[in-house]
Structures are given as C-alpha cells and as structure tokens.
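S.K.: Need a 3D model of the sequence below.
(chains A, B and C)
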Amino acid sequence: MASITIDGIVKQFSGQTVLQNLSLHIPDGAFYTLLGPSGCGKTTLLRCIAGFYEPDGGRLLFDKDDVTRVSTHHRDIGMVFQDYALFPDKTAFDNVAYGLRARKVAKPEIARRVGEALERVGLSALAGRYPAQMSGGQRQRVALARALVIRPRVLLMDEPLSNLDAKMRLQMRDVILDLVREAGITTVFVTHDQEEALAMSDRIAIMDRGSIAQLGTPEDLYGTPVNAYVADFIGSANVIPVAARIVDGSGAAPHVRYQLAGHELDGVAGSPRLDDQSVLIARPEDLSLMAPAPHVPNALSGRVLRRQYLGFKTAYRIQLHDGPEIRVELHAGNTVAAFQPGDTVQVLVPADSRVVGA
Amino acid sequence: MTIKTLLQCTLAALGLAASLAQAQTVVLYSSNNTETIETALNVVKQKNASLNVQQVTGGTGSLMKRIQAESKNPRGDVLWSGGFGTLGAYKELLEPYKAPDLAAIPAEFRGPNNLWVGTNLHVMVLMVNERQLKGLPAPKTWSDLMKPEWKGKFTITDPSKSATAYMLVYGLLKQFGKDGLEKIAANAVVTSSSGTTYKGVAAGEYPVGLTIEYAAQEYVAGGQKEIKLVYPAEGSYLAPEGMFIVKGAKNMEAAKTLYNGLMSKEVQEALLVKNFRRPTRTDIAVSKLTSLPDLKAIKIFPLDQEQASQEYEQLVALWNLAVSKAR
Amino acid sequence: MKIHWWPWGVLTLVSLVLLSFFVLYPLAVLFGNSVVDDGGGYSLAAFLALARDSEYVQAFKNTLVLGFSVTACTVLVGVPFAYMVARYEFPLKNLVAVLPIMTIVIPEIIVGQSWLLILGNNGLLTNFFADLGIELPSFYGWTGMVFSMTLVYYTYIYLGVLAALRGFDGQLEEAGLSLGTSPLVTKMRVLVPVMLPAVLVNALVVFTLVVGNFALSMLLGSRVPLLSVMTYNTFVSEMGGSPALQSAMSVVSIAIVAVVLFFQKRVVERKVYTMTQGRAPAPVRVRSAAGLLFTLTVGLVILASLLPLVVVFIGAFTETSGPVMRWGSWSLSSLQRALHAAPEPIINSLKFSSIATLVGVSFALLVSYLTIKKRNLFTQALDYIVVLPLTISGTVLGIALVQTFNTGWLVLAGTSGIMVLAYTVRRLPFAVRNASSTLFNIPESIEEASISLGVSPLMTFFKVILPAMRASLISAAILMWVTTISELSASVVVYTGGLETMPITIFRQVDGGRLGLASAYGAALVSVILLPIVVAIKVFRINLFSSK
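M.R.: I've put the predicted structure just below:
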C-alpha cells in the first residue's frame, strides 16, 4: 500500500499537450476517481501512473520511491481493464494465479491465495472455467481478483464497469468497494460516469483538457463547483451568464448581487472575483415554482414551455420573461399544483445560489 | 532382457557392423532414368553384394559442371553416361582406367588413353506415329523430310540441348551439307529436350520425330501399336555414350568395381532387354534378344566422334542460323 | 513515438537486415544483371534483344491471351458457383466446404499430370474413346492449359465472391425492390455494381498467377511459346554463361505483375465498398428439379477438383511398360521404385519442408508481432518486404536466388540451404498473413495486463501471446508445410543433382514420359500433405480455412 504523488506531469502526443503540468497527491489507502469526458486526459494520466506512458516532464512517486522511469512490470501495481483482458487460453484459476506465479510464490501458497481471492469475489465454482464461458460480470470479477491477489502497492482501474449492463454495473460497484476497503489499497479509478464517481469515491478529480478542474469530496463537487464546467458535469445545472458584483466580500460565503431577467437577485460568490461575465449556477432541483404573486424576493416570472412527468419528479422548462430558458425540477413530494405549458409562473431562486467566474 | 536376447542382439549388431565394414560405398552420377539405373544396379549387385551405390541423377551437362566445380574435392566417383563430345571437353576431369574386359568393346567406342569407355550406342532414327500421318507417306529417308509437305510435321531436339541430337544434326550436316541442314531446319519443329521430341510423337501431336532408338522402342514394346521405328535408308547416325571414373575419386576401388560391372555382359544384356539400350559390346546378339536389328544390319553413316566434338561451336552456330533463316 | 531498443527494436533491425539480404538483395542483383552487357557497362541490349526476338514477342502475346482467357473462364465458373452456394439451399450443399481445402492440398503438378493421365495421349478416356472410334482433340496446348488452369484457379474467384455475397446487406436489394425494380433488374443495378470490385480484385490475382504459372505451362504448353516457359528455358541454357537474357525476361515478368497490381490498387480498390452493417439474405430452399440441377452442378465441379487426387493413386498402382500405362493391370513396381529404390526425393522434400516450416513460422510469428503490435516506420517496411515475394513468380525468384548465391561470399547453391531459402522466402507471406490476422484480434490490454502483473514484455510474449495464438500457429505451420512441400517453380530452378524434391522428380518423370513413376511420387506427395491436415482437423479441431 502506497501513496501516489503526481508532481507536475506533462505528456504530449504528436505535438498536442494532453497532460498539462498536473499535480495530485493520493494518500495511502484512499479511493480517488479521475472523472471527465473523453479526451480530458484521465486515461492518459492513469496509464502514466501504470507506466505504459512515460511522461515528458514531471515526476511520479509511490510513497517516497521515484518510479517515473521504472518499467511497468517493476512497479508492483494491479490493473483492471475496461475489456477485462483475461488470458483466453487460461482458466479463471490460472488467470488469477498468473501474477503469483510470476513472483515465484510457492505452489501450495498460490492455491491458497487464489482460492481465497476467487471466494472473495464469489466465483469459487468457476475456477476451472475459461473466459469464453463466463459472463461480463464474472469476467470482471476474475480480473479484479487477479489484480488484488498479488497485493499490489496501488490499484488502477480503467473504466472497468463501462462494458457492463446497468444492473451489473450497480452490483459491481459494491463488490469493488467492499474488496478495496477490505484490502485497504490505494485505488485510482477512471470513469466518465459521474454517478459512479459520486457513489464510490473518497475524492474526485474532475479533469478538463489535461488539467484538474477541481479536486474534492463528492459533496464539495456537487455543492460548491468552482466553475460552470464542473457544475455541469456533476449533476445537471442551469448555467446562466449574469453580471455580478460582490457586495460583502467577508466570510466564507461572500454576498453577491447579480442581474438576471431584469431583476437584481441575491446570491453567494463561488469565486474570489466577479464581474459582468460571471455565471449563475442553479440546480433545477434547488429552484421552485409558484403561482404569480407580488413582492416575492429572489423570484423571476416566466412562462411554462414544457412539462415532463417522470414519476419521482416533474421537470419543467420555463421561458423567463426578459431572460433565458431555465430548467426546474419539482420532486413528487412537492405539494405545489401541477403547472401546464403556457401557464405563467414565478421561479424562486435560492439566495445561496452560487455565482462563479466564467 | 535375458542373456539370450542380449547375446542375439550383440551378434546381430556385430554382423551388421561387419557387413558395413565390408560394404564399399561408391557415388554414381548418372543421366539415365530411374528404370535404366535400376536394371543395371540390380545386376551389378548380384555379383557384388557389398557394393553400396549412392546415386545422383541429373542432366549430363549439369553433372559435368558439378564434377568440374568439385574437382578439388571430388564427391562423385563414376559418371554414366555422357556423349563422347561432352566427355572430350572435360578430359582433365577423367581418370584413365583400363578395364579387364576392354577387348569386348570395339576400339572406335573407346576413349583416348582409356579416359572413358562407351557402354551404349544410341542410334538416331525416325519415330513414326502412323495414326497421325493422315495421308502423308511414311518417311523412309532423311531427304523425305526435306520435302515441302513435311513443314511443321516433325520434331527435332535443339542440338545444343542434347548430345544425341547434336550427333544427329552433325550427321545431317556431314551427309547433306549446309543446304540439306537448312531444309531440315525449315521444316522442323525444334524442341528443347529429347523427351519432348519423342513424347510429342507418342502423344499423337506429330507424325514423325527424329529421336533415339531406345526411346521409340519403349513405346513399341509397351504396346502402342501406332508407333513405328524407321532406320533411314540413307543411313542412321551413331551417338555412343560413355562412362568414366572421376579423377581423384575417393572410392577408387569401389569405382573400378562399378565400372567393370556396368560394362559387363550381364548388365549390358539386361539393359538391352529391359530398356532397349544397344550395347557397344560385340558379344551380345541384339536381334536374338529383342526385336531390334543387329548393328551390322543397320546402314550407318559414319562419323568421327572426336572431330564432331571439336566442331561443336561451328555446328551450333550454323544450326541457329539455319533455324532463324527459316522463321 | 519512442522506439524501445530492447528487445523489439533490435529484433526489428535484425529482421529487416535478414529480409533485405534474402529478398531485396537478390532482386537487386537480378535487375542489375538485366542491364549489364558483356563488357560490364550499362546497356539495354538484353531488352532490345528480347524485343527483336519474334518468338519472345509471340510468347508475350500468348501469355497475355492465356491470362485473359483463363481469368474469364474462372470468372464464368466461380461467380455463378458462388451465387448458387450463397443464395440457395439444396441437397449435398455441405460438400462445398471441402473445396478450399482441395486447392491447397493438390499441387498444380499433380493436377496437370492427372489430367494428362485421363485426357493425354495414352490417357484413360482418350483410349476409351479411341476404342470406340472417337478421337479426342489433343489435350496439349491451349485446350489443356485453359482447362486445367481454370480448374486450379477458379476457387480464388469463388471464395472471394462468396465472402462478398455473404457480407452483402440483403436490405439493399429489398430497398431496390420496394422502389419498383423487378428482382432481376434489382440484382443488376444493386448487387452487381457492389460485387464487381470483389470480382475484379480476385480476377486480377488470377491473372498474375496465370502469367507466372510454371507447372501447367511446362507440362501442357507443348508448342505454345509462353513467357514463364521461355524464361525457364533461357535460364537452363544460359547456365554458366551470361545471365543477361534470363534477367531481362524476369524483369519483364515482374513489370507485368507490377502494372496489374498498380491498376488494382489505384483503380479497383478505390471502389471497394464496405458494408456498414447488415445480414445477407438467408439461402432459399430450391425445389426438387432445380435442386437436382444445383446438386449436379456442384457435384460436377467438386468431382473435377477432386479427380486428380483419385487419379494419381490409380496411376501409382497401375502397371507400366516403360512410358506406356497399362490401364487395368495393377502393379506395385512404381511404388516400390519410389519408396524403396529411389526414395531420395521423398526424404529431401520432408527434410527441406520441415526446416522451412520451422524457420518460416518462427520468423512469421516475429514479423507479424512486430508489424501489428509495434507499429512504426521500420516495421511497416518489414511488412512490405515480407509480402514482396507474392508478386514475383517462382521462376523469377529462383533465378534471382541462383544468381545471387551461386558466387560471392555466401554460396548456398548446391546445398540444402538454397532449397530451404527458396521455400521460406516464397511462402513466408502466407504464414505472416495467417499469424497477423490472429494477432489483430488479440487486444493490447492482454499484454498490458500481464505486464501490470509483473511479467516483463519479452516474457509476456511467450507466456501470453504465444499460448493465445496456439491454433493460429498450428494452422500457419500446416499452411507452410503444405505450400512448401508442393512448391515447384522456384525449387526447380535452384536445385542441383541430389537435391531433387518430390515435385521436381514428378516434373522430371512426366517430362521423361514416366507417368507411372510420377504418379507413385505424386501419391506420396499427396499423402504427406493430407496427413497433417487430417490430424489438425480431427485431433486439434482447428478450422484451417477461416482466413486464407
């Protein structure tokens, strides 16, 4: 078990800089997720940690060991791949035993550890089966067992659940978390699925074009995104350009006043400096609707464009008068009467809505 | 393993070793076909059971070149057989040897200084496929073929590609001069191997082929009724073939044994009866053993073998000229 | 893109050097010899001599005519046949699965010889009809060549068109029908234009094969001048002399193929359409009378393809008298001669092919791994050089090898070395293709998984890649074995006395009129080819013909 220190890593491919001076410290035993859309560099970073790519600049350390130039097979890592990468000509048992055999572990010990590992993932009965005879979920579990049985310093997972169907994906989340927690192993998990990231991680690093946009706990990222990119990636949000000014810069939540749809509203600053090119981040579920009424603070009037009933919530698209479209979601428990397309409503924007720099 | 079995095995091994120790290996380079070699060697082995003959087959030309390439370290021991002209061109590669049985072979078929001896005599004949004549009269002479109606109707082998064909063309030149040769060249279909020449006639592609006696006879004896052998009235040409011991042969004693065997009466008789190879030996009655006539019954147009080999380049050039004129 | 020198960089370099030396260098020597005159200076005299030689010009024309005729015939046979198999269901249709196997298993020389045994002079059928008073036309010449070459090469067209038909989205035709054209017109306007490139590509392959064909041309060509035959004969007669003419002829042959390939790359392949998706229409069951017709046609084609196998065994057991086959009388003497009295060709064949197979498969494995998994400029070059021999006829390759390795510092002529070399260089591309297609389907993540588990890249190759390729390696080995042991046109040029292989001996025996003995060696050859295939299919359960 080791901590991972990524120190100013730079990686270029054919003149394009894919990782820009990236630094990140992953404590021993933590579960960190690299999250982002395709092309953001998360897989590249993971492969640099694994050693498949050699960085063009910067250092990589496992605990205090500088492994920047160490070959992959000497780094003592465990890796789980998106397509499972099980050896097709070997049984589940032999797949899992592979790393142990390479480390010249004694035969009886191999038998014991492999047996344990397969038991841990619930596949003892399939020890003699070949990959072709297994389902996707079973294969992924064998891949997991194979990576963990060698007790590596770090565990790297490259979108391991992407090829599974929805139900299996949920099951496997639990399997992975249980195993990883039990082993106490430092894990770096790559995914583009934000729900997965939120559910599993100690911390999430959201990546944008080769840099880390924000590093934080799931609550941090969801509740206080530092910019529009993060806000829109985690959950969904209305991202609306506004002109804003900080009224009271003191304290943890600086008071902000901003212009929207002809009104001036109160909000909270999420960035140190704000100006005419700021951005309001309002999550649809934080907004509420009411019938038109006078003198309601932080309210904007608009017309309902569309209503979608989704069972546990109802989603509305509202056209603000003198403003842009805005999305609002009301949960089933909300006792407000259902509005219909064409109705005039008032949209209530909470006073602690965050305004950030663009 | 019991003592008894052990003893038996040991004895057998010793016996094998003993016989191997006695076995004499000799390497034979031969341009003859498998059956002919088999016939000869079967008889040779009857008299010399311990002789172990390793064969290397190929065309005479390529075998001679091989012997030349190996001259510093000869791997072959005996060559059987090649046309006299060819042998004459490589005199420095030949080991002189006077076989005990030499008297049976007429002097004209022996090599100079005992460098080689002629074992077999090829007679150049007309091979006729009667089914393919289609109205043409069966030819009786070489001159018949010079007539215009024979254009494109008979095959002849390129003299630069075959020793026997060379003697044929040389003979035609000597007998009929440049004009006669040109007339033949004008009418002939020239092939690049002796095989093609006689197979073409047997296959029914051509009514006539100018080829070797034994080749035609094989089809006759094989039962192809439409094939006939004609000895031209003007005279056939002889192409003797000889064998020699390679100079510096590693297995000299075995080579001599093989040499003596190949020219022996028993072997030559077998070759005559089975493969229709006319022997040079005078003590074999050809007409009694086969349907072929005795040598003295055939009209032969005499040729000087030595001179023939000396005039090689002129003849080939003349022939090529004649052929290109005809095109 | 970083080039890691160890171990793959070094291996790439070594492979490049080896291949350049054994493939590029001989070709360079050949080209060089074609433009050098007696004095040693540059001159085009050899080419001019060829242009002025009327027989050569005739041979050139004949070869092109032969190429076109055979190609046309193979298309006429192959396309309808493929259409029948792809679109219809009829009794005994499963037998067609045996066809691809046949083309590999039966060497060309056996095909030629067998048809001679049936339709040549003295042939079984010829004699039969002669006894009835009917004289069959001579099998030699154009008739025999076009007939036997069509039988040998039609499978290229058949397999190519079959694959294209199977990949053709049936919905395209349905769309055409829904737009108002009748079924026949729909086929003409929708199916044919898409099929055409597939047909053309394979037709061009057949054309180049006919131009470079040796065995059938020599055996059956008779008095028809042909380029491959003339080149070979020139080589034989120039032995020991100036190789200018044979080199010039070889260069011309290479040029013809190059032109054809260029045409294929530029014009035809541009028009190859890939189906994005879609299934071919299911085969339609054919009613009784029509079904019978289909079965008969298929049966006839298969029979004609299989006949040489049967005939060669019959010939081996038939009594002979010199060059005459005594049909109906049986004897073991031919077999006895081949197996006991003169088994050297069989031993030689086994020896050379084993070594060539071993060397070839190992090298093919290395080369395909480098080109597929370690792509860079150098491995791309490797890929091109390996495939080069496919474009050269065996005769030309043999001539190039003899000219290069007859003298100089590395003399291989006269040794087993040159035979093994000829085999390996000529057949390596097949093994490489075979291995490559498998490697293509092995994802990179498997190697990375192994490396991540602590196994070095080199050991990963042996522990993960090799086992995963087991089936492919076996089929590549069998392919190598079968194609080298039946190789003729290159080995007949490079061999010297004592190095005869079975195909060479068969060739010489047929040339000498000994069809019985030729059949005996032929039976041995076919047996030695069939055995590993049967073992592979039955014992190892390998599907050998998924990719050819």
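S.K.: ok so C:Gly67 is a helix residue?
M.R.: Yes - C:Gly67 sits within a helix when classified using DSSP: H, G, I helix; E, B strand; the rest coil.
S.K.: which residues touch it?
M.R.: Remark: with contacts taken as Cβ atoms under 8 Å, 6 or more residues apart in numbering or on different chains, C:Gly67 is in contact with C:Phe207, C:Val210, C:Val211. For every residue, glycine as well, the C-beta is placed using N, CA and C.
S.K.: And the pLDDT at it?
M.R.: C:Gly67 is assigned a predicted lDDT (pLDDT) of 94.
S.K.: Regarding chain C, what is its longest strand?
M.R.: strand C:324-330 (DSSP state E).
S.K.: What lies in contact with that strand?
M.R.: B:218-219, B:222-224, C:117, C:122, C:124, C:127, C:315, C:317-320, C:515-516.
S.K.: ok, back up a step: the contacts of C:Gly67 in strands, which ones?
M.R.: Among the contacts of C:Gly67, no member lies in strands (by DSSP E).
S.K.: Who wins on neighbours among those?
M.R.: Among these, the one with the most neighbours (other Cβ atoms under 10 Å in any protein chain shown) is C:Val210, at 27 neighbours.
S.K.: Give me the contact list for stretch B:93-103.
M.R.: B:64, B:67-68, B:71, B:87, B:110-111, B:113-117, B:244-249, B:252, B:256, B:259-260, B:263-264.
S.K.: make it 7 Å
M.R.: B:67-68, B:71, B:87, B:110, B:113-117, B:244-247, B:249, B:256, B:259-260, B:263-264 (Cβ atoms under 7 Å, 6 or more residues apart in numbering or on different chains).
S.K.: That one: end-to-end distance?
M.R.: 24 Å (Cα to Cα, to the nearest Å).
S.K.: in it, what counts as buried?
M.R.: Neighbour-count burial for stretch B:93-103 flags B:Leu93, B:Leu94, B:Glu95, B:Tyr97, B:Ala99 (criterion: 16 or more other Cβ atoms under 10 Å in any protein chain shown).
S.K.: Could you single out the nearest of the residues you listed to chain A?
M.R.: B:Leu93 (60.5 Å; Cβ to the nearest Cβ).
S.K.: Now the longest strand of chain C - C-alpha only, PDB.
M.R.: Output of strand C:324-330 as PDB, limited to C-alpha atoms (Å, rounded to 0.1, in the frame of the first residue of the first chain):
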ATOM      1  CA  VAL C 324       3.200 -46.900 -71.600                       C
ATOM      2  CA  MET C 325       0.500 -47.100 -68.900                       C
ATOM      3  CA  ARG C 326      -1.300 -50.500 -68.900                       C
ATOM      4  CA  TRP C 327      -4.600 -49.300 -67.500                       C
ATOM      5  CA  GLY C 328      -6.500 -52.100 -65.800                       C
ATOM      6  CA  SER C 329      -3.400 -54.000 -64.800                       C
ATOM      7  CA  TRP C 330      -2.100 -53.400 -61.400                       C
END
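S.K.: model confidence over that strand, on average?
M.R.: Rounded mean pLDDT across strand C:324-330 is 84.
S.K.: partners of it, with directions?
M.R.: Sheet pairing of strand C:324-330 (DSSP bridges) gives strand C:318-321 (antiparallel).
S.K.: Which strands and helices lie in contact with the longest strand along chain B?
M.R.: Counting by DSSP E, the longest strand found in chain B is strand B:117-129. Judged by 3 or more Cβ pairs under 7 Å, 6 or more residues apart in numbering or on different chains; DSSP states H and E, strand B:117-129 is in contact with strand B:78-83, helix B:163-187, helix B:194-202, strand B:208-212, helix B:213-222, strand B:227-230, strand B:237-246, strand B:278-279.
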